[in-house]
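Asks: here is a sequence together with a model predicted from it:
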Amino acid sequence: MTPPRRRRRLRFRPREEGRVLRPRVVAAAALITGGLWFVEGLLVGERRWLELLLALALAYNAWRRAVRARAQDEEDGEGDAPAGVEPRRGEAA
């Protein structure tokens, strides 16, 4: 008989200042939002193509800005850590 698995407790970590949204999260949110609006339009009989395109354009713009910000941070040597935060043990500086 195998022992029961212990669940890891999730620790609350406060959001760091200056952290950008992850591109995958933004893309997933855009797809979910667009899909829900599309289904709602089919169910109600209204077509909200303009709103859908606007939401997708805004999400794409946010995603591109996040990618550019991350690339700029890596180019500047800052990485994901906010200013004044030391890297954890075992991580490269």
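Replies: Arrived safely, thanks for sending.

Asks: got any ranges where the protein has weak pLDDT?
Replies: 1, 3-20, 44-49, 78-93 (pLDDT under 70).

Asks: for the longest helix seen in it, name the packing helices and strands.
Replies: Criterion DSSP state H: the longest helix present in the chain is helix 49-76. Here helix 49-76 touches helix 23-44, going by 3 or more Cβ pairs under 8 Å, 6 or more residues apart in numbering; DSSP states H and E. Yep, even glycine has a C-beta here, placed from its N, CA and C like the rest.

Asks: what packs against the helix it packs on?
Replies: helix 49-76.

Asks: the helix it packs on to helix 23-44, inter-axis angle?
Replies: Relative orientation of helix 49-76 versus helix 23-44 (axes from the mean of the first three to the mean of the last three Cα atoms, to 10 degrees): 180 degrees.

Asks: could you list the buried residues of helix 49-76?
Replies: Neighbour counts over helix 49-76 (16 or more other Cβ atoms under 10 Å) mark L52, A55, A59, A62, W63, A66, R70 as buried.

Asks: same deal with stretch 36-43?
Replies: So, applying 16+ other Cβ under 10 Å, buried residues of stretch 36-43: W37.

Asks: oh, and call the first residue 10 from now on, that's how I've got it
Replies: Shifting the count to begin at 10 puts that one at stretch 45-52.
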